[in-house]
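A.B. asks: sequence? don't have it. structure:
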């Protein structure tokens with residue numbers, strides 16, 4: 001059996017979907033020969049290149065892209081992707097968001113874009129739900145609020161549809177209390193306007209400052225939270 005055929009057999013027999021060049025190198029294949037062999041295997045579609053050093057045995061277009069995204073970037077599904085998994089939206093997700101403690105990156109896979117967003121010290125609050133590693137419900141709400149400049153009105157819709165228990169809201173408040181004044185003010189204001197039954201008064205800082213929410217030429221000012229709302233959360 002030739003060395004290339006031996007590698008084909010090993011790949012086919014391995015009970016994993018994703019294979020890395022590092023794993024193959026650890027089996028005793030030299031880096032220079034691996035470079036040649038992987039090009040051949042990709043050309044004949046024994047393997048499909050996902051990114052540098054990472055390959056799949058299945059065509060990416062027929063893979064479960066949510067699972068693949070977490071394997072590629074080593075994080076958990078979050079933001080609008082998590083909102084979709086938790087059932088807060090039925091909008092199809094062409095962009096798949098992964099939250100990671102590593103570097104922010106993005107790549108195209110089939111007809112989809114995968115965006116890995118670095119959250120560094122906020123890399124927490126994940127669970128195994130519906131067969132995926134995804135942010136918990138309360139952490140999904142937090143992340144949508146933290147990155148509200150990316151999602152705008154869509155984030156408000158996802159959060160409005162969020163169904164959470166009292167315990168989950170307590171976990172959210174406990175976590176959000178450690179954030180900046182401006183974040184707490186905007187968060188409390190948004191959740192109050194969306195009629196979320198949480199202990200929002202805990203988010204009011206001792207000396208609140210006027211903060212802006214969104215961008216635009218028209219705004220409404222909320223005295224309680226001292227928020228200038230350019231996003232249109234306040235419709236009364």
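C.D. replies: Received it, and whenever you're ready, just let me know what you need. Every value quoted in this text rests on a predicted model; they were computed, and no experiment measured them.

A.B. asks: Assumed residue 163 was part of a strand.
C.D. replies: No: judged by DSSP: H, G, I helix; E, B strand; the rest coil, residue 163 forms no part of a strand; its state is coil.

A.B. asks: ok, now which ones touch it?
C.D. replies: Contacts for residue 163 (Cβ atoms under 8 Å, 6 or more residues apart in numbering) come out as 88, 137. Heads up, the C-betas are built off the backbone N, CA and C, glycines and all.

A.B. asks: Next up, phi/psi of it, please.
C.D. replies: Per-residue torsions, residue 163: phi -110, psi 110 (degrees, to the nearest 10).

A.B. asks: What of the one 10 residues further on?
C.D. replies: Dihedral angles phi and psi of residue 173 (degrees, to the nearest 10) take the values phi -60, psi -40.

A.B. asks: Quick one: neighbours of it, just the number.
C.D. replies: By other Cβ atoms under 10 Å, 20 other residues sit near residue 173.

A.B. asks: got the contact list for it?
C.D. replies: Residue 173 neighbours (Cβ under 8 Å, 6+ apart): 198, 199, 200, 202, 203.

A.B. asks: want to throw the residues you listed into JSON lines with secondary structure, pLDDT and distance to residue 183?
C.D. replies: As requested, those are arranged in JSON lines below (DSSP: H, G, I helix; E, B strand; the rest coil; pLDDT from 0 to 100; distance: Cβ to Cβ, whole Å):
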{"residue": "198", "secondary structure": "coil", "pLDDT": "80", "distance to residue 183": "15"}
{"residue": "199", "secondary structure": "coil", "pLDDT": "90", "distance to residue 183": "17"}
{"residue": "200", "secondary structure": "helix", "pLDDT": "93", "distance to residue 183": "13"}
{"residue": "202", "secondary structure": "helix", "pLDDT": "94", "distance to residue 183": "13"}
{"residue": "203", "secondary structure": "helix", "pLDDT": "94", "distance to residue 183": "9"}
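
A.B. asks: Which ChimeraX command selects the buried ones in those?
C.D. replies: With 16 or more other Cβ atoms under 10 Å as the criterion, this ChimeraX line picks the buried residues out of the contacts of residue 173:
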select :198,200,203
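
A.B. asks: would you list the contacts of residue 173 in TSV and tack on distance to residue 54?
C.D. replies: Listed next are the contacts of residue 173 as TSV, based on distance: Cβ to Cβ, whole Å:
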residue	distance to residue 54
198	41
199	44
200	44
202	44
203	41
